[in-house]
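# what follows is a protein structure lacking sequence information:
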C-alpha cells in the first residue's frame with residue numbers, strides 16, 4: 001500500500017507543476033494588467049506603467065518563460081508576489097484560505113457521508129417511497145447549477161425570516177469577534193455557516209447518492225454476497241461487511257473528480273452569501289486583471305483537487321485488498 005501511495009503522490013506532484021505552469025501561462029496571456037494602469041485618469045506615462053508592471057513581475061514585454069521563472073523562484077521561497085494594487089498576495093491568500101476551507105471541508109465531508117448512506121439505503125429499498133423521494137430530490141438538485149441552488153437556499157431563509165419571524169443569518173461569515181468571548185464567536189460562525197454549507201451539502205448528496213445507489217444495486221445481485229448469506233451472516237451484516245464496502249470502491253474514484261465541480265460551485269456560493277473567501281477573491285482578481293492573484297488561486301485549487309485525488313487513492317487502497325497487497 002505504501003508503494004502504491006508513494007507512486008501516486010509523485011504523480012500528483014508532477015501534475016501540480018504542470019497545472020500551475022499552464023494556469024500561469026493562461027492568466028498571463030488572457031488578462032491585461034496593463035489596462036488597469038493605462039485607464040487611470042490622468043493617464044500615466046508609458047514608462048511609468050512599464051515600471052509598475054515590471055515591479056509586480058507581470059510586464060507583458062518581458063518574455064513569458066522569464067516571468068514564470070522569476071515567479072516560480074519566489075514561490076519556492078514562500079512568496080506569491082504582489083497584487084495589482086501592490087499589496088502582498090500572501091496576506092490576501094492567508095486571510096481567505098481559512099474561510100474557503102471551513103466551508104468546503106464541512107460541506108464536502110457531510111454531503112459525501114450522507115450521499116453514500118442515502119444512496120445505499122435507496123438501493124436496499126429499491127422502488128419504495130423513500131427511494132423514489134430521494135430520486136426526485138437528486139434529479140431536481142442535479143438539474144440546477146450550484147449558483148441557483150445557493151440562491152434558492154438564501155431565498156428560503158428570507159421567506160422564513162419574513163413569514164415566521166425567524167432570524168436566520170445568511171450574509172457574511174459572522175459578526176461576533178473573539179473579544180466578545182469564545183462561545184459567542186463560535187456560535188455566530190456556526191449560524192452563518194449553516195446556509196452556505198447546506199447548499200454544498202444538497203449538491204453533494206444529490207450526485208453521490210445516485211452513483212452510490214447504482215453501485216450498490218450491482219453489489220446486491222453479486223455471488224459473493226449470496227455466499228456470505230449462505231455462510232450464516234445476517235442480511236445487515238453481509239450488506240455492511242461485504243456489500244457497502246465493495247460498492248464504495250468506485251465512489252472513492254468519483255470523489256476525486258466530483259470535488260473539482262464542488263470546488264467551482266463553492267466560488268458562487270461564497271459570492272451569494274457574502275463570504276470573503278478564495279472564490280470571491282478569484283472573481284475580483286479576474287475583474288481587475290490581477291495575474292498574480294489569479295495564479296495564486298489556481299495554485300490553491302490545484303493543491304486541493306490533487307489532495308482530494310490522493311485521499312481518494314487512500315480510500316481505494318483501504319477498501320480494496322488487491323490494491324493494498326499489489
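That came through, no problem. None of these values were measured; they are calculated from a predicted model. Numbering: from 1, shown residues only.
# give me the helices and strands touching the longest helix seen in the chain, please.
For the chain, the helix with the greatest residue count under DSSP state H is helix 182-220. On a contact count with 3 or more CB pairs under 8 Å, 6 or more residues apart in numbering; DSSP states H and E, helix 182-220 meets helix 89-124, helix 129-142, helix 146-164, helix 245-247, helix 249-272. C-betas here are computed from N, CA, C, even on glycine.
# and residue 187, which of those helices is closest to it?
helix 89-124 (14.8 Å; CB to CB).
# give the other helices and strands that that closest one contacts.
helix 129-142, helix 182-220, helix 249-272, helix 278-287, helix 291-319.
# how about it: buried residues?
89, 92-93, 96-97, 99-100, 102-104, 106-108, 110-112, 114-116, 118-124 (16 or more other CB atoms under 10 Å).
# swap in stretch 247-254?
247-252, 254.
# ditto for stretch 291-309
291-302, 304-306, 308-309.
# residues in contact with that stretch?
8, 12, 15-16, 19-20, 23-24, 27-28, 31, 33, 56-58, 71, 75, 80-84, 89, 92-93, 97, 100, 104, 255-256, 259-260, 263, 278, 281-282, 285-286 (CB atoms under 8 Å, 6 or more residues apart in numbering).
# any of those buried? List them.
8, 12, 16, 19-20, 23-24, 27-28, 31, 33, 56-58, 71, 75, 80-84, 89, 92-93, 97, 100, 104, 255-256, 259, 263, 278, 281-282, 285-286.
# low-confidence stretches in the stretch 51-200 of the chain?
The model of the stretch 51-200 of the chain has pLDDT under 70 over residues 174-181.
# skipping adjacent residues, who's closest to residue 110 in space?
Of all residues not flanking residue 110 in the chain, residue 201 sits nearest, at 5.3 Å (CB to CB, 6 or more residues apart in numbering).
# actually, residue 278.
residue 100 (4.1 Å).
# any idea how far that neighbour lies from residue 202?
Residue 100 sits 18 Å away from residue 202, going by CB to CB, to the nearest Å.
# residue 269 too?
Taken as CB to CB, the span from residue 269 to residue 202 is 11 Å.
# the two: who's more crowded?
Using other CB atoms under 10 Å, the more surrounded residue of residue 269 and residue 202 is residue 269, with 30 against 22.
# one step back: export the buried residues of stretch 247-254 to CSV and tack on pLDDT and distance to residue 182?
CSV is the format used below for the buried residues of stretch 247-254 (pLDDT from 0 to 100; distance: CB to CB, whole Å):
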residue, pLDDT, distance to residue 182
247, 76, 42
248, 75, 37
249, 75, 42
250, 76, 43
251, 76, 37
252, 73, 37
254, 74, 38
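# quick one: which of the residues you listed is nearest to residue 2?
Checking the buried residues of stretch 247-254 against residue 2 by CB to CB gives residue 252 as the nearest, at 17.7 Å.
# that closest one touches residue 319, doesn't it?
Yes: with contact defined as CB atoms under 8 Å, residue 252 reaches residue 319; the gap is 6.5 Å.
# for the residue nearest to residue 110, give me its contacts.
Taking CB under 8 Å, 6+ apart as the test, what residue 201 contacts is 107, 110-111, 114.
# report the rounded mean pLDDT for stretch 19-34.
In this model, stretch 19-34 has a mean pLDDT of 91.
# tell me how far it lies from the chain's centre.
Distance, stretch centre to chain centre, for stretch 19-34: 22 Å (CA atoms, centre = their mean, to the nearest Å).
# what of stretch 97-105?
Using CA atoms, centre = their mean, the offset of stretch 97-105 from its chain centre is 9 Å.
# and stretch 249-256, by the same measure?
Its chain's C-alpha centre and that of stretch 249-256 lie 15 Å apart, by CA atoms, centre = their mean.
# and for that stretch, what are the contacting residues?
By CB under 8 Å, 6+ apart, stretch 249-256 touches 112, 116, 208, 211-212, 215, 305, 308-309, 311-313, 315-316, 319-320.
# what about residue 157, neighbour count?
20.
# how near is it to residue 215?
According to CB to CB, residue 157 and residue 215 sit 34 Å apart.
# OK, contacts around the residue nearest to residue 278?
266, 270, 275, 277-279, 300 are the contacts of residue 100 under CB under 8 Å, 6+ apart.
# element containing residue 225?
helix 223-230 (DSSP states H and E).
# just the mean pLDDT for that helix, thanks.
Mean predicted confidence for helix 223-230 is 70.
# residue 29 contacts residue 68, correct?
No: contact criterion CB under 8 Å: residue 29 and residue 68 do not qualify, at 11.3 Å.
# out of the two, which sits in the busier spot?
residue 68 (17 against 11).
# who's in contact with the more buried one?
Contact analysis of residue 68 by CB under 8 Å, 6+ apart lists 21, 24-25, 28.
# so which of these sit within strands?
With DSSP state E as the criterion, strands contain none of the contacts of residue 68.
# closest one of those residues to residue 164?
residue 24 (50.3 Å).
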